[in-house]
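Q: below is the structure, and that's it, no one-letter string:
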């Protein structure tokens with residue numbers, strides 16, 4: 001499977017990934033990264049494919065909530081489960097920030113409700129990479145009163161899930177190389193992205 005964008009080498013991002021990708025679980029030898037836009041990166045492995053749009057996060061340095069627009073799919077016919085409690089980000093200084101539990105997220109709604117509206121308007125579409133696949137909402141953190149929060153979603157070669165993900169960042173969002181991480185039972189994926197690169 002090939003994403004419908006030119007393959008541009010992310011020298012800074014890839015180098016950073018190679019230096020800090022060591023973790024408790026192995027990654028895939030055949031992983032590949034590609035830049036899909038000024039603030040969008042794509043990731044492919046034999047089992048999972050991810051697009052991270054960090055346009056709003058890049059414009060929110062110093063803010064207390066990191067908001068990413070994420071799409072997840074797979075090139076496999078068998079379904080792959082993605083659990084909300086397996087999703088996290090790593091800060092430039094190495095801190096791990098898990099996706100907050102929905103009860104915590106819902107309680108904090110007054111803190112991020114304005115940013116959530118702006119992020120929904122500012123984020124670029126990320127499901128264009130697989131035309132014809134059924135779409136689903138990555139509803140780990142639906143805004144209160146909109147829909148039911150999901151604990152997991154299943155993706156395969158016929159399905160792609162997309163949505164906004166919110167991470168509370170103590171001390172505010174800092175520039176540098178971040179990582180979007182999904183942990184699975186036997187491996188993990190780490191998708192690096194750089195904030196503040198164009199400033």
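A: Looks like it arrived, so ask away. Since the structure is predicted, the reported quantities are computational estimates derived from the model, not experimental observations.

Q: so the nearest residue to residue 170 once chain neighbours are set aside versus residue 76, what's the distance?
A: Among residues not flanking residue 170 along the chain, residue 64 sits closest, at 7.6 Å (C-beta to C-beta, 6 or more residues apart in numbering). In this view, the C-beta of every residue, glycine as well, is placed from N, C-alpha and C. Going from residue 64 to residue 76 by C-beta to C-beta, to the nearest Å gives 37 Å.

Q: ok, residue 147 next?
A: The value you get for residue 147 to residue 76, if C-beta to C-beta is used, is 27 Å.

Q: more neighbours: which of those two?
A: The residue with more neighbours, out of residue 147 and residue 76, is residue 76; 14 against 9, by other C-beta atoms under 10 Å.

Q: for that one, helix, strand, or coil?
A: coil (DSSP: H, G, I helix; E, B strand; the rest coil).

Q: residues touching residue 180, list them.
A: 50, 52, 68, 70, 89, 190-191, 193 (C-beta atoms under 8 Å, 6 or more residues apart in numbering).

Q: repeat the analysis, applying 7 Å as the threshold.
A: 52, 68, 89, 191, 193 (C-beta atoms under 7 Å, 6 or more residues apart in numbering).

Q: any figure for the gap between it and residue 195?
A: The value you get for residue 180 to residue 195, if C-beta to C-beta is used, is 12 Å.

Q: cool, and residue 103?
A: 28 Å.

Q: how about residue 101?
A: Taking C-beta to C-beta, one finds residue 101 at 25 Å from residue 195.

Q: those two: who's more crowded?
A: With neighbours defined as other C-beta under 10 Å, residue 101 and residue 195 compare such that residue 195 has more, 22 against 15.

Q: pretty sure that one sits against residue 59.
A: No: the pair residue 195 / residue 59 is not scored as a contact, 9.4 Å apart, by C-beta atoms under 7 Å.

Q: quick one: contacts of the helix or strand containing residue 89?
A: Using DSSP states H and E, the secondary-structure element containing residue 89 is strand 87-90. For strand 87-90, contacts defined as C-beta under 7 Å, 6+ apart pick out 66, 96-99, 165, 167, 178-182.
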